[in-house]
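Undergrad: Build me a structure from this.
(chains A and B)
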Amino acid sequence: MITARYLVRRTLNSVLAFVVAVVFIFIIPRLMPGSPTDQFASQYRLPGPVVAELKEMFGLDKSIETQFVLYIKNVLLTFPPNFGLSYNFYPATVWSLLAQALPWTIFLLGTSSILTAILGVALGMMSAWYRGSKLEAFISSSSMFMLSVPYFWVAMILVLFFGVFLRLFPFAGAVSPSAVYNGFSIPWLFDVLYHGALPVLTLTIGSFASYTLIMKDNMMATLGEDYILTAEAKGVKREDIMIKHAARNAVLPVMTLFVLRLGFLVGGSILTETVFSYPGIGLLLYGAVTGLDYPLIQGAFFVLAFTVILSTLVADILYTVLDPRIRY
Amino acid sequence: MPSETTQGSVKRKSGFGVTVFAVDVWNHRRGRIGVLIAAFFLAIALFAPWLAPYNPYKFGALPYLQPTLEHLLGTDGIGRDILSQLLWGTRISLLIGFVVAVSVIVIGASIGLAAAYYGGLMDELLMRFTDELMVLPSLPLMIWMATMLGQSMWNTIIVLAVFGWPSMARMVRSETLSVKQRPFVDAARVSGASDLRIMAQIILPNVAPLIVANGILSIISAILGEASLSFLGLGDPFNMSWGTILYFAQIEGAFYNNGWAWILAPGLSIAAIGLAITFIGSAITDIANPRLRST
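TA: Got it, this is the predicted structure:
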């Protein structure tokens, strides 16, 4: 049962986590050795007065307290959050870059999460149902093998096989570079799916294994319950026992796994987007970090932290709504 | 090692000794396969200088050679022998995995123990911090820190240790909370043992099997994390790991030069050592605590 008290407490926890994340984003670059302006200055051999002027322009000459107040005002109390201008994509604002990239990452993460859940649950269900068989041994050991396969390596193998060897799928970008579309249309959608196929497949292959193994364990436990025996005794069809009686009761804990794996999935999407030059937040963040584009790094972290914390909250609440046995 | 094990574990005549434990892992079907694979890679890591046919950093052949008898896995984009890189890379990848796992155990176990033992505000603060680190996506943070610190093997180790410990701390905390309730802890306290002594000598041995099983599994996350950072070009180019080899395969265009062996070999090595560690970890969990069936 979900109570208002639980809802309020859980939401407050998320808000707190988010505020702490925002403070982290402020502190981390200031803890790192070397200031962004110094690196900028040495890169372009800027003279002293220019550096001083740059510091003034970015507010870095002010005291740390003033900088913090300014940061909170720009980031938390303004909408859209104002992270200033990107160094590397000057004069684009950080927010405009993030707004372009975020939908692609959400598309990758959303599609692959759904596929992963379906594939993982189905394989886990099958291997528990046919326990002791060759099928179970095959699913279990291949899942254990896939547990430690890195995302980027899956991506490389897919590029090599489907992209270069078979020439079936494109492996760079999110849409054809030469095509011109007027907003949403059916050919555009096909192009997006065509370019998204390998990245989505990468994330799915890279993450289904832990779902399969957890689902298998849950399903094994459920199959030992008395009501399964009852269902068998009263002559319920085998497929109905498997899906309606056992799997439905075993599937819920898998949702907690989604919450636990979300951080890894974001990491996986950075690696995947890098291999496929996919224009999402991951690629943007990677470019920003290696190019020391501080405003963009902060903005990308902000968006990622917000997305992860919000999805965790929604998944947690959904979990309690779906499983009436859980009470807080 | 104390003669008693954690709750619900197997009864054993000869006690919970290290040798008995090793024999149990060996008798566990998956455990034995895991030990054999791990021993194979360990041997490669130890004897890499004698096994590697060439200097992995020296360009002595034509670039992009296909696998031949002279170069069993071919050569990379500047004519370096890939097999030699793979053999030397085993040493780097395993070393980083091992050192990071040890650091994760030390940091995670200390924080988990302290939080659970002292409770109250200490627990609240430490666990808030732990949860915060767990909920933030760690790879971008690691990329950031690695870029700032610069490319070296020890910096990679620091970065992976700094972001690797939270789940260990959580797990040690929850186990310590239950161990703390048991009568022998009170007995020790009454007999005047200091906090540090109770934690290190009374509680720690009872949490140890869980720490070992999960510590072994954290080698996998360390090797995978190292591979990811190196693949993004943040690894030490003079201490090539399996991830660094894949980084060069990506930027030197192995795709367009039929670099099947170049891409397959390091990835399969990562997956194989990961599988071995998963097997050993699940064997240890099965033996130490049959109640917690591993997945």
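Undergrad: what about whatever residue of chain B ends up closest to chain A, neighbour count?
TA: Residue nearest to chain A within chain B: residue B:274 (2.2 Å; Cβ to the nearest Cβ). The way it works is simple: take the backbone N, C-alpha and C, and place the C-beta from them, glycine included. The number of residues packed around residue B:274, counting by other Cβ atoms under 10 Å in any protein chain shown, is 25.
Undergrad: name the element it belongs to?
TA: Residue B:274 is located in helix B:260-288, with elements delineated by DSSP states H and E.
Undergrad: so what does that helix touch, helix or strand wise?
TA: Using 3 or more Cβ pairs under 8 Å, 6 or more residues apart in numbering or on different chains; DSSP states H and E, the elements in contact with helix B:260-288 are helix A:134-147, helix A:151-158, helix B:18-27, helix B:29-51, helix B:82-118, helix B:204-229, helix B:242-251.
Undergrad: roughly how far out does it sit from the chain middle?
TA: Distance of helix B:260-288 from the chain centroid (Cα atoms, centre = their mean, to the nearest Å) equals 11 Å.
Undergrad: and that helix, what's its mean pLDDT?
TA: The predicted model assigns helix B:260-288 a mean pLDDT of 90.
Undergrad: what comes up buried for it?
TA: For helix B:260-288, a neighbour-count test (16 or more other Cβ atoms under 10 Å in any protein chain shown) marks B:260-267, B:269-288 as buried.
Undergrad: tally of neighbours for the residue in the stretch 201-328 of chain A positioned nearest to chain B?
TA: Nearest residue of the stretch 201-328 of chain A to chain B, counting by Cβ to the nearest Cβ: residue A:267, 3.1 Å away. When neighbours are counted by other Cβ under 10 Å, residue A:267 registers 22.
Undergrad: Straight-line length of stretch B:177-195, end to end?
TA: Terminal residues of stretch B:177-195 lie 15 Å apart, using Cα to Cα, to the nearest Å.
Undergrad: Show the average pLDDT along it.
TA: Across stretch B:177-195, pLDDT averages out at 89.
Undergrad: List the contacts of that stretch.
TA: Here stretch B:177-195 makes contact (Cβ atoms under 8 Å, 6 or more residues apart in numbering or on different chains) with B:6, B:7, B:116, B:117, B:118, B:197, B:198, B:201, B:202, B:203, B:206, B:207.
Undergrad: out of these, which touch chain A?
TA: Among the contacts of stretch B:177-195, not one lies near chain A by Cβ under 8 Å from any Cβ of the partner chain.
Undergrad: most surrounded residue in those residues?
TA: Result: residue B:116 is most packed of the contacts of stretch B:177-195 (other Cβ under 10 Å), 25 neighbours.
Undergrad: you'd agree that one is up against residue B:172?
TA: Yes - using Cβ atoms under 8 Å, residue B:116 is in contact with residue B:172, at 7.4 Å.
Undergrad: Closest one of the contacts of stretch B:177-195 to residue B:99?
TA: residue B:207 (22.0 Å; Cβ to Cβ).
Undergrad: residues near the closest residue to that closest one other than its chain neighbours, how many?
TA: Leaving aside its chain neighbours, residue B:207 sits nearest to residue B:175 (4.9 Å; criterion: Cβ to Cβ, 6 or more residues apart in numbering or on different chains). Residue B:175: 22 surrounding residues under other Cβ under 10 Å.
Undergrad: same deal with residue B:113?
TA: The number of residues packed near residue B:113 is 24, by other Cβ under 10 Å.
Undergrad: got the contact list for it?
TA: Counted by Cβ under 8 Å, 6+ apart, residue B:113 has contacts B:172, B:173, B:176, B:199, B:203, B:204, B:207.
Undergrad: in chain A, what residue is nearest chain B?
TA: Closest point on chain A to chain B, by Cβ to the nearest Cβ, is residue A:148, at 2.2 Å.
Undergrad: doesn't residue A:153 make contact with the residue of chain B closest to chain A?
TA: No - checked against Cβ under 8 Å, the pair residue B:274 and residue A:153 is beyond contact range at 11.2 Å.
Undergrad: quick one, phi psi at residue B:235?
TA: phi -80, psi 170 (degrees, to the nearest 10).
Undergrad: can you tell me how far residue A:267 sits from residue B:188?
TA: Counting by Cβ to Cβ, to the nearest Å, the gap from residue A:267 to residue B:188 is 42 Å.
Undergrad: With residue A:66 instead?
TA: Counting by Cβ to Cβ - residue A:66 and residue B:188 are separated by 52 Å.
Undergrad: The two: which is more packed in?
TA: Higher neighbour count among residue A:66 and residue B:188: residue B:188, with 16 against 11, using other Cβ under 10 Å.
Undergrad: For chain A, name the helix or strand with the lowest mean pLDDT.
TA: Here the helix or strand of chain A ranked lowest by mean pLDDT, DSSP states H and E is helix A:36-44, holding a mean of 70.
Undergrad: Show me what counts as buried in the following helix or strand past it.
TA: Going down the chain from helix A:36-44, the next helix or strand is helix A:48-57, by DSSP H and E. Burial within helix A:48-57, assessed by neighbour count using 16+ other Cβ under 10 Å, is assigned to A:51, A:54, A:55.
Undergrad: Roughly how far does residue A:104 sit from residue A:276?
TA: Residue A:104 is 11 Å from residue A:276, by Cβ to Cβ.
Undergrad: what helices or strands is the helix or strand where residue A:259 lies leaning on?
TA: Using DSSP H and E, residue A:259 sits in helix A:253-276. Judged by 3+ Cβ pairs under 8 Å, 6+ apart, helix A:253-276 is in contact with helix A:94-129, helix A:151-158, helix A:186-223, helix A:281-290, helix A:294-322, helix B:138-149.
Undergrad: Same list (those) but as a markdown table, adding mean pLDDT.
TA: Converted to a markdown table, those look like this (pLDDT from 0 to 100):
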| stretch | mean pLDDT |
| --- | --- |
| helix A:94-129 | 93 |
| helix A:151-158 | 94 |
| helix A:186-223 | 91 |
| helix A:281-290 | 88 |
| helix A:294-322 | 85 |
| helix B:138-149 | 85 |
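Undergrad: can you put these in a markdown table and add distance to residue B:54?
TA: Output for the helices and strands packed on helix A:253-276, formatted as a markdown table (distance: least, Cβ to Cβ, whole Å):
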| stretch | distance to residue B:54 |
| --- | --- |
| helix A:94-129 | 40 |
| helix A:151-158 | 24 |
| helix A:186-223 | 33 |
| helix A:281-290 | 31 |
| helix A:294-322 | 40 |
| helix B:138-149 | 29 |
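Undergrad: Relative to residue A:170, which of those helices is closest?
TA: It is, among the helices and strands packed on helix A:253-276 and with distance given as Cβ to Cβ, helix A:186-223, at 5.4 Å.
Undergrad: Helix A:94-129 and the closest one, what's the angle between them?
TA: On the basis of axes from the mean of the first three to the mean of the last three Cα atoms, to 10 degrees, helix A:186-223 is oriented at 40 degrees to helix A:94-129.
Undergrad: So is helix A:186-223 next to chain B?
TA: Yes - using Cβ under 8 Å from any Cβ, helix A:186-223 reaches chain B at A:210, A:213, A:214, A:216, A:217.
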